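Q: Using only what follows, build the 3D model:
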Amino acid sequence: MKDSLNIAVAGATGYVGLELIKILSKHPRAKILYLCANKSVGKKINSFDKKIINKNLPIISKIRNISWDKINVLFTALPNGQAQKIAKTIPEHIKLIDLSADFRLNNFKLYEKWYGINHKCKYLINKSIYGITEFSRGSLSNHKIISCPGCYPTSIQIPLIPLVQKKMINIKNITIDSKSGYSGAGKKIRNKFKFKNLFDSVSAYGVGSHRHMLEIDQELSKISGETIKVFFTPHLIPMFRGILSTIYLETCGNYDAKKIYLYLKNYHKKNFFVKMAKFNTPIGTGEVMNTNYCNISVCKSRKKNKIIIISTIDNLIKGASGQAVQNMNVAFKLKETMGLI
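A: Predicted structure coming up:
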């Protein structure tokens, strides 16, 4: 393929890896040369997902079998702690697009405290960029490592960052209630959660201590210039995919819900994958399933200075694989929507 990007995917058989392969296998400039996993070596990738219909994809191999001189981009959809090991060994010319938390936090001590993993590649943290495409597109090509945000933080920051930047909301009073399909917990969900009737009930988890709070705090604080600590509670709900985040805010000055709506609508008009619902309209995850869109609704509350923002994404696409490809497109100066619509 002329002018193609040669790609390797590590962690190919997980939920995110499989979604990534579906997108890349239809991408007109992507050529997948390696699909890697710790297990299932020698198997075909469509044995894990029948929706992957490309017959020319490589069989699963070990990452050590990659010929790095043939690769332009390495996607790592691996458990936390793995990408940092790989990052130390790959040649400088390769762009690493990581979907774990290994390079999301600027402070490695916080990473080690909250993730319980000693960071083995501290010197590369400052060569990475936290990549919500809508806010980082101007700098993606300048970094060796693109660290893709968590799924919850993506749904939360797309509506919040513009408001914090414009000082339209009280940064000391940000409350977020998020609900996610169980695919966000990965294939080993039963090892992580022991909730009774897990797949038939709603379950709060990580209450007051979810790791994603750190990256939300970090990025909002950068924009604000002040320390921000959000109130955030996630929930697992009995569906496979999708996130709905409900964000409760107190406005500043004479800003009301309608002015917030008009500002966000204008701010995001240049962002193809961000869609604003009509003012004061309830929304759900149905419209964003299997897409790279983030849908946002701004709603009134009973009090003039209190507003409610609802944000929905597909956690496996805009919250992971789709955003990763969107970042790749921008970093390599391709059309941002390529392979995603």
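Q: which non-adjacent residue is nearest residue 231?
A: Nearest non-adjacent residue to residue 231, counting by CB to CB, 6 or more residues apart in numbering: residue 175, 4.4 Å away. Glycine gets a C-beta too; all of them are placed from N, C-alpha and C.
Q: Double-check the one you found against residue 248; I have them as touching.
A: Yes. The criterion here is CB atoms under 8 Å, and residue 175 meets it with residue 248 at 4.3 Å.
Q: quick one: whichever strand or helix holds the residue nearest to residue 231 to chain centroid distance?
A: Using DSSP states H and E, residue 175 maps to strand 169-181. The chain centroid and the centroid of strand 169-181 are separated by 17 Å under CA atoms, centre = their mean, to the nearest Å.
Q: which parts of that strand are buried?
A: Using 16 or more other CB atoms under 10 Å as the test for burial, strand 169-181 gives 169, 171, 174, 176, 178, 179, 180, 181.
Q: Run a quick neighbour tally on the closest residue to the fifth one other than its chain neighbours.
A: Same thing as residue 178. Residue nearest to residue 178 in three dimensions, not counting chain neighbours: residue 245, with 4.3 Å by CB to CB, 6+ apart. Burial measure for residue 245: 28 neighbouring residues, criterion other CB atoms under 10 Å.
Q: Is it correct that residue 71 is in contact with residue 5?
A: No. Look at residue 71 against residue 5 with CB under 8 Å: they stay out of range, at 9.1 Å.
Q: Give me the residues contacting the worst-scoring helix or strand of the chain on mean pLDDT.
A: None of the helices or strands of the chain scores lower by mean pLDDT, DSSP states H and E than helix 189-192, at a mean of 73. For helix 189-192, the external contacting residues (CB atoms under 8 Å, 6 or more residues apart in numbering) are 182, 185, 186, 198.
Q: related to what we said a few turns ago, ok, which pair from the buried residues of strand 169-181 is furthest apart?
A: 171 and 181 (29.6 Å; CB to CB).
Q: what about this structure, any weak spots by pLDDT?
A: 1-2 (pLDDT under 70).
Q: what about the residue lying farthest from the centre of it, is that helix, strand or coil?
A: Residue farthest from the centre of the chain, counting by CA atoms, centre = their mean, is residue 254 at 33.2 Å. With DSSP: H, G, I helix; E, B strand; the rest coil as the basis, residue 254 sits in coil.
Q: picking that back up, quick one: strands adjacent to the following helix or strand past the least confident helix or strand of the chain?
A: Scanning forward in sequence from helix 189-192 by DSSP H and E, the next helix or strand is strand 203-204. Paired neighbours of strand 203-204 in the sheet (DSSP bridges): strand 231-237 (antiparallel).
Q: Going by neighbour count, which residues of the partner strand are buried?
A: Buried residues in strand 231-237 (16+ other CB under 10 Å): 232, 233, 234, 236, 237.
Q: As a check, name the ranges of all helices in the stretch 201-341 of the chain.
A: 212-224, 257-267, 322-331 (DSSP state H, counting those that start in this stretch).
Q: Repeat that for the stretch 1-150 of the chain.
A: Going by DSSP H, counting those that start in this stretch, the stretch 1-150 of the chain shows helices at 15-24, 83-87, 108-115, 133-136.
Q: what's the most buried one of those helices?
A: helix 15-24 (a mean of 24; mean count of other CB atoms under 10 Å).
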